[in-house]
Structures are given as C-alpha cells and as structure tokens.
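1. could you look at this predicted model? Sequence included:
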Amino acid sequence: MSQLCKEKITCPKCQTGGYFEFWSSINVDLNPELKEKIFNEEIFIWTCPKCGAKVFIPFGTLYHDMSHKFMLFFQHEDPEDGKKYESFDMPEAIGLDKDYIFRSVYGLMNFKEKIMVLENGLNDVAVEKLKYAITHLMDSSMSERGDKLFFEGITKPDDENKYGQIIFYRLSPNEDECGQIGLGMEKYYEQCLALKLDKRFEVNNCACVDEEWVSIKMKGLE
Amino acid sequence: MMDYNYMSEFVDGVGIATHRDKETGNLRWGLIDKNGSPISEFKYNYVESWGEGYYKCEIGSRKNILRKDGTEVLKEWFNDVFKVRKGLFIIGNTIRKTKDHPTLYPRGLASVNGDILFPLIFKNLSWNDEVLLDFLVGDIDGKPYVITRSGSIIDPEGNHLPNLSDDKDNFGWSGPKDTVCDGCIFTDGINSKGEGCRKLQKQDFRNRVIKGYCEHRKYDEQKQSAQERIDSYKEKEKAEKESKVSDEYATKLVRDFIKDKLNGDVMKLTEFDFNTLRGDEKYGNCGGFAFCPEKTSIMKAIMTLTFTEAWPEISYYGFDHYDYEADMVNTYLMILGFPLGDNFKGLRNFRPDAALLDRAWAFYHLCHTIGNYAAWPGGLYLCREKLRRNQRYIDVYLQEIHHAITGEKKCSSDLLQAINRKKKVFAPYRSDAGFADMCRKMFLGDYLDYMGKPMSMFYGVWSDQKDLTRDYYFKAIEQYFSFCEEEIVKRSKMIAKRLIEVLGMVSSVAEPEKILTIQLPEGFEALQSLPEDPEEALSYCKDSRYATCFLQSYPIPKKTTMPIDDIKPIIDGIHDSLGERQGIIEVANGTTRYNKNYVYSIVKSARVPAGMNYILTMHIVKGENALCIKGQFEERGKLGERDTTVYEYARRENLVKEIGGEGWMKDPYDENYEHGIRMNLSEERKYDYSFPHHPLSEMRKLINYIIDNN
C-alpha cells in the first residue's frame, strides 16, 4: 500500500513553517490518483499556506504497479557514489512473482517514460536499445548534438503500419522539444529478438536501464 | 622526432610507419602525420589500412581497429577484425578444438563508434553482397538471420513478429522474380507461400532464398548444378579412397607398371632406376611435391604391397596422408655429395680416377633401385634428416631406432617422439626380439648381428668432413660400395619375389622351391647365420631359468622328410640308432591348425658329467614344400630337480619299487626295449605343468605353439 510521510518544511519565500506530505511508496493500483499527480508533477509541489509560493520538493519514492507487475525505485538525481548502474538483488522475502520487473530510475522525465513503457507492456530494454540505435546508428548526428529520445506511445495497426508504430519525442540538450520520430513496431520486435540472442542485456535483478546503460553494454565498459 | 624504418604513403594526412625501439630492439608500427609526428602509440606488431579511413592494428594474435586520430575503436581485442564497411566490421575469434568440438570460428559485428552490436554469437557472418553491402547474413545453430546496418536483427521467417492472423507464416513469398530462384528449373514446384520447390523442402528452400545463394540452382536439365558437381567429385574421391585403402589402387598401378615399364617381367624391377620416372604423369607423380623417387606414385604402391607384414595397416591411402613414407636405406649423399655435372660435389674434391667415378655413378643408379627403399611410419624421415651426418647411415640409424624402441639407451629426442607418436604401429616391436622381427620383415636382417641387434657396419664419413684424408675416404667408399652393391641387389630380388607372391604372378626366373616359414612363440631371439649352417637356415635361441634352448629351421626336399603318416618306422629307426646315453621320449604326427602336416621326435641325451639334453627333430610339410626344425634344449641351473622330485613322489606312491627302482624307466613304445637311458616317469607330459622351465617342458610348449599357430 502507499505510504505517506510528513516532513517539516519552511517556505523559502516567507519563512512560514509547514508540513509537506510526501509518499515514500506509491501503489497505483490502490491509489490510482497518485499516478496522475506524478505525471502533472503536483505530487512534488508544496504550496505555502501563507504566501502561496510553490516549492518543488525532489523526493524519491518506490513506485509499485501491481497490475503491470513492476516496481520502480525513483530518485531525482543520480547517486553521488557513482554506482548508478550497479544492480542489486531483490530479497526473496518481498514475496513477489518471478516475472516482476524492478528498475532504478533517475530523473523525473525518465521516471515518467519508464512508467509509460512498462504500462504499455513493452520491454524497456528493447525500447532503450531502439533509442540507442536511432541516435547512434541510424542518425548518429543526434547523439553528437546531445539530443535525447523519450518514449511517447504506440499506435494501433493500420494500413500503413500493420504492427502499429512506436513514437518517440526528441528533446534537444536545452530541453526544447524538437519533434517526434515514429518507427514501425517491427523495429521494436527486432530489438526484442536481439535481446533473445544477445545475453549481454539480460537483467535478472534491479538495475537502472537507460541509454547510457545500453552504451556501457555495447562498448563492454563494465 | 622518431626515426622510422618504413613510412607508407599518406592518405588524408595519415601514414603508417615502423620504428625500432632502441632499448628492446623490437620493431613497432604506428600512425604518423605528414610532419612525421606520431598520431598513435608505436606499440603494434603490424598496422595496415583497413577501409574507410580506418586501420587494422595487431598485437600478438589479437587485432583491433584504429581511427585516423590513433585511438583504438574497441575496448576488447579479437583474433580477427574484418574490413570496415559502411562503418561496420565483422569481428571473430578462433576457439581451438577439444575432444568435444572441432575448431570454432565465432563471429560478431562491431561499429566504428566502438559498439559491439552483436557479440560472437554467429557461426557464419557475411555481407549479402560485396558490392551493395545492404545487410549481413549470419547463422546461429543453422538458422539464418538478417542483420541490418542499423544493428537490427531479423528472422527471415518472421517468427519475431506477432501473429496477425490464423496463418502463422510470415515468410512473405512473392514469387521467384529477383530472387535466387529466378530462372531455375525447380521453381515449378513452388507454391504461393514459398514452402519449398521441386528440389528442396520448406526450411532448406527458405534459407537459400534468404541467403541469396542456392547450390542446387540449375538453368538447364543437362548441365550439373554446383551441388551435383560437388556430389560427383565426392563420389569419385570416395571410390578412389576406398581403392587406396583396400590395396586395389596399388595393385592396379603396380600391374600396369610391370606391363608398361618392365615388359611384364617382375624381376626386371631389380634393375629399374626410379630416378628415370621424372616427368612421368602416371608413375612418377609426386602429388604436388618436387620430383623425388620416394614420393612417386609407383613407389608408394610397391611399398604398400611389399611391407604389409611389417606394417599391417599400410595402404596407399596411408602414404597419401603421411601415415607412411618411403625412404632410401643406403644414401649416397653423405659419401659422394650431390651429382654435379659428370661428377659428385664431394667426391670430386678427392680426385677420383675414371674407374672410381664410373663405379660411383653405378652406385648412384643402384641407390635408386627398389632394393634400396623401405617403408616407415610417417615422421621418421624428417628425424633422420635431423641426425648428425654420420648417424644417417642406415647402420647407425637402425641403432637409433633400436634405442628409441627398446629404451635401452638415450637416443635422438625427435626420433623418440616420432616413434612414440606411432605407438600402435610400433607396439609389436617394442623389444629386442620385436625389433629384429621388424627388421627382418623390412628385409633389413643383414644389418643385424646374431643377437638381432643393429651392427655398426660403416666408416660413417661424409665427403666434406673436416680433416678427412683421401686414403681414409677411399677406404670408406670401398667398404660402403662393396656392401651395398651386393645388399641392394639381394634386397631388390626379395622385394620382387614378394610382389610376385602378392600379385599371384609368375617370375621369368626359375624360382627355387618356396620356403615354408614358421611362427615361433615370444622369447626366441633370432641369431645371425653361420657359414656352416644349412642354406637359408634361420637360427634362434632362448634362455629360461632352467633351460638353454637352441632352434634352427631350414627347408628340405620333401622326399627327405620322415614318414608323415606312419610313426612306427621312425620309432624303429630311432631305436636302432640310439647311443648308450640316449633314449626316446616321444614321436608324434598330425596336422597343424592351418593344415600343414607334421611329424616330430624327441630324443634325450645325457651330458657328461651331468644334465640332460633333449633333441627335437620336426618336419612340417605343405604341398611340395617341407621345413625341418631342429632343436636342442639343454638342462641348466638346478640339474635333475624334475627327476628327483617326481621320483620321490613316485616312491611314496608306490609307483616305483623302493629298491632297484623298478617302474621308474621304460621305453614309451616298447616295454621290452632296454637299450640306452630310457624315458623315466618324470618325463611324462603330466609333469610339464609342475616344471614349466624344464627343457622338456619348454620343448613341448614350443611344439604345441607350432601346431596351434601354423
């Protein structure tokens, strides 16, 4: 179940003291309304009761989606100890199915993206690999500029794309949106096949799976 | 600035150079710019241009790709990195074979940005087209995949895609046009789903469509497809191999040779110079090697048929695969040197007269006749070449082989290794007796002494030996030539006769009566013949704890044998001729295991002052041939032990009288015969088991062995 905590907070504008309620864990099956608050970022905002100033509180949380069988350990910032990509085993006592997916996620946009990918029933490793292929192989100028891709959604099959499309939106380094990229879902399935054949990308425990993680695996840098 | 030993041309301002490290002396490669400044480290064993502005670099057996700026592309190094194409390159390793798998060459794909797109998971990986370079085709466990330039992988059968309909087949066949099937005669068997053609089943058909190559493709019914050409070549090879393994090939070649080169007369082989086969496609074919009589096809065939007794597994096929090789027995090279003009490089330094020069040339030709060749298990020839020059003479060479086989003394380590590599082949010969047996089967018995060990026979000089005097050299030549001129001819005849036997042919020369040979048990060592021995006698001896056994066999005219069918005349004849200190033990006749008739007698003869000898006379007859075996087995060590032990037993059992010893001695065939020293109770067969080393027991064991194995 979702766990609500309270922390004392002082308004940076008017110095009024108050309490901020934050969720150390969020179960979206029991509290579906919290998911929307994550996506509109309301969950991270504290409004000063006196002066109305809105303060962004970057707290970490454990996001649990029982129906889609995944858990995300979210932090806003990368860990300072440099162990971002070190995976850790989930204790057996946690009592969850073996097909549960556990991920560490850093950064709010990555958090939202990961939720969307996994809610759509997609393989997040395949999605990251596909993003990597787009930015480094199909159009390497994207990686040279520092553009990032984020999963936006999938479309239904139609006459043109009999398997549907997978849509990414492209963000430039200064975070202006630069447009959408849509590829046939065949590309996604090709990455899924690659994962079956290439054991480098197997994830058996909780890991941070993002584009940089893919790059580390590709270059053999671990 | 560095000193460079070598600089290549510059391409886009980058060149390859080599530099010798002053401290280590090692030559190292690297990249330089047009000013000669190093761009990369100079640490590589080799660097070369590798496509699209990239360079392949090597350290040891490992390779990587260098960028123009000198940085290495991959973190990991591989045994193989292939040419850079469209920013991608195939990588590979070599995994040595083990008892569980053959040598493996797994392949993967990498990008010039340093990514290994696919690790070494493919058995094969190649570009679909060396010009278009659209995609790569790789296979994993026999299943083909298509790898795109963007690093995707596709199952051509579409099994990686979700099923959209009831039809689970995503192959997407749209007809033979623009595929490998276009124009092929088998396309009439292809249905709308591409589930096979008239030649291939579904899976095989689809794999070939994906790969874009089909070895069964035919445009014309009359012409062979690539696979048909391969099949018929393999059939031909198989048939040839079978005939080479089975002696059929060798037999046919030798028969043809006798007909074409010897006018049908096998004995002319003794004079045939195999050096004259240079350029002869059929008989002088050396299988791609430079001409050398030892490597000719006819030599291999003759060796195969001649030396089957020495090397039971020998075959023409074995020669082709270096399991066996022919080698000269007596070499001319060391003593004469290479032929040079009308002389020899070594000999000419000693100013030979015309007669000696003529003799040297005759010797040179003699060395190339069949009597001077023998077949050995593969590998020994090279070892002989590595020996010191005096060791290459056959006498010393045989001594080295003897040492290696018996372990008696230290020998050339190369030779020891070569022989140990052929454990199975040399297994029967790993003893003094075995070695002697091997030499006899190779017709090299004349190089052994009476104990069957190789003798030192020659001076062992070589023509450019330091401080070699003319006198000494000519003495060595005289001795060597004299021996070889007789020995090689004798050996030639033996080989020719063997071929006659094997081929079932008739010789032009009246042959003496065929000699019967006899198998003897282990323990009997061959002895050198003495001048006074009967013609073609073979002598053996064996020493056991209580017996010294001497044996000799030689052919005799059939009419002189003892009566085979009736032993009574033999017994009577022996009775009439026995001396005062002799007695008859046994006379018997019968048929050996392989249907040879035999008859033998054993007579005992008391020695002075003590001890007993047992004398065997055995005649074996087959057809018109007869062999006489004479044996003399002497008691030694504890004399009379058998007699006294059995006598004591017999006395206690009342088989003999206490006083007078009545019952102890009697003639086995005539109770009333009282002449000489008659056979006693202890000499009965039933006591052989208790005294296995007694000379009479040894003799009976020998007789039983001869009967059971001949």
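-> In hand now; what should we look at? Numbering: from 1, shown residues only, chains lettered A, B, ... in the order given.

2. burial count for residue A:108?
-> Residue A:108 has 16 neighbours, counted by other CB atoms under 10 Å in any protein chain shown. No exception for glycine: its C-beta is placed from N, CA and C like everyone else's.

3. contacting residues for the closest residue to it other than its chain neighbours?
-> Among residues not flanking residue A:108 along the chain, residue A:76 sits closest, at 6.3 Å (CB to CB, 6 or more residues apart in numbering or on different chains). By CB atoms under 8 Å, 6 or more residues apart in numbering or on different chains, the residues touching residue A:76 are A:58, A:59, A:60, A:106, A:107, A:108.

4. helices - which of those residues land there?
-> Within the contacts of residue A:76, residues falling in helices by DSSP state H are residue A:108.

5. mark which of the contacts of residue A:76 are buried, thanks.
-> When the contacts of residue A:76 are checked for burial by 16 or more other CB atoms under 10 Å in any protein chain shown, the buried set is A:106, A:108.

6. let's have the contacts of residue A:76 in TSV, adding distance to residue B:530.
-> Shown next, in TSV, are the contacts of residue A:76 (distance: CB to CB, whole Å):
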residue	distance to residue B:530
A:58	112
A:59	113
A:60	107
A:106	102
A:107	105
A:108	110
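
7. tell me the residues of chain B that contact chain A?
-> B:74-76, B:111, B:113-119, B:121, B:140, B:145, B:148-155, B:160-162, B:164 (CB under 8 Å from any CB of the partner chain).

8. quick one: name the residues of chain A near chain B.
-> Residues of chain A lying close to chain B by CB under 8 Å from any CB are A:133, A:136-138, A:140, A:157, A:162-163, A:186-187, A:189-194, A:197-198, A:200, A:215, A:218-221.

9. redo that, cut-off 7 Å
-> A:133, A:136-138, A:162-163, A:186-187, A:189-194, A:197-198, A:200, A:218-221 (CB under 7 Å from any CB of the partner chain).

10. among the residues you listed, which lie within helices?
-> A:133, A:186, A:187, A:189, A:190, A:191, A:192, A:193, A:194, A:197, A:218, A:219.

11. what about the last one, neighbour count?
-> Read that as residue A:219. Neighbour count of residue A:219, defined by other CB under 10 Å: 18.

12. hmm, back to that, now, among the contacts of residue A:76, which is nearest to residue B:95?
-> residue A:106 (39.7 Å; CB to CB).

13. find the nearest non-adjacent residue to that closest one, please.
-> residue A:78 is the one closest to residue A:106 (CB to CB, 6+ apart), at 5.0 Å.

14. any idea how far that neighbour is from residue B:692?
-> From residue A:78 across to residue B:692, the span is 91 Å (CB to CB, to the nearest Å).

15. any idea how far residue B:327 is from the residue in the stretch 451-600 of chain B that chain A sits nearest to?
-> Here the stretch 451-600 of chain B gets closest to chain A at one residue, residue B:502, 59.9 Å apart by CB to the nearest CB. From residue B:502 across to residue B:327, the span is 21 Å (CB to CB).

16. what residues of the longest helix anywhere in chain B count as buried?
-> For chain B, the longest helix by residue count, based on DSSP H, is helix B:470-503. Buried residues in helix B:470-503, counted by 16+ other CB under 10 Å: B:473, B:476-477, B:480-481, B:483-484, B:487-489, B:491-500, B:502.

17. same deal with stretch B:574-589?
-> Those would be B:574, B:575, B:578, B:582, B:583, B:584, B:585, B:586, B:587, B:589, for stretch B:574-589 by 16+ other CB under 10 Å.

18. now it - C-alpha only, CSV.
-> Taking Å, rounded to 0.1, in the frame of the first residue of the first chain, the C-alpha atoms of stretch B:574-589 are listed here in CSV:
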residue,chain,number,x,y,z
ILE,B,574,65.4,-94.2,-33.6
HIS,B,575,65.6,-97.4,-31.6
ASP,B,576,68.2,-98.7,-34.0
SER,B,577,70.3,-95.6,-33.8
LEU,B,578,70.2,-94.6,-30.2
GLY,B,579,73.5,-94.3,-28.3
GLU,B,580,74.3,-95.6,-24.9
ARG,B,581,73.4,-92.4,-23.2
GLN,B,582,70.2,-91.7,-25.2
GLY,B,583,66.6,-92.6,-25.1
ILE,B,584,63.4,-91.9,-27.0
ILE,B,585,60.8,-89.6,-25.4
GLU,B,586,58.2,-89.0,-27.9
VAL,B,587,57.3,-89.5,-31.6
ALA,B,588,54.0,-88.0,-33.0
ASN,B,589,52.4,-86.8,-36.2
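
19. excluding chain neighbours, what is closest to the closest residue to chain A within the stretch 351-500 of chain B?
-> In the stretch 351-500 of chain B, the residue that lies nearest chain A is residue B:421 (41.2 Å; CB to the nearest CB). Nearest residue to residue B:421, sequence neighbours excluded (CB to CB, 6+ apart): residue B:379, at 6.2 Å.

20. just checking, the one you found touches residue B:418?
-> Yes - applying CB atoms under 7 Å, one finds residue B:379 in contact with residue B:418, separated by 4.0 Å.

21. looking at these two, which is more packed in?
-> residue B:418 (23 against 18).

22. now the more buried one: how far from residue B:60?
-> Between residue B:418 and residue B:60 the computed distance is 30 Å (CB to CB).

23. mind checking how far stretch B:648-661 is from the chain centre?
-> From the chain centre to the centre of stretch B:648-661 is a distance of 62 Å (CA atoms, centre = their mean, to the nearest Å).

24. report the rounded mean pLDDT for that stretch.
-> Over the span of stretch B:648-661, the pLDDT mean works out to 80.

25. just the endpoints, please. Distance across it?
-> 11 Å (CA to CA, to the nearest Å).

26. what does it contact?
-> Outside stretch B:648-661, the residues that touch it by CB atoms under 7 Å, 6 or more residues apart in numbering or on different chains are B:647, B:662, B:663, B:664, B:681.

27. now do the contacts for the third one.
-> Applying CB under 7 Å, 6+ apart, one finds that residue B:663 lies in contact with B:655, B:656, B:657.

28. most surrounded residue in those residues?
-> Most neighbours among the contacts of residue B:663, by other CB under 10 Å: residue B:656, with 21 neighbours.
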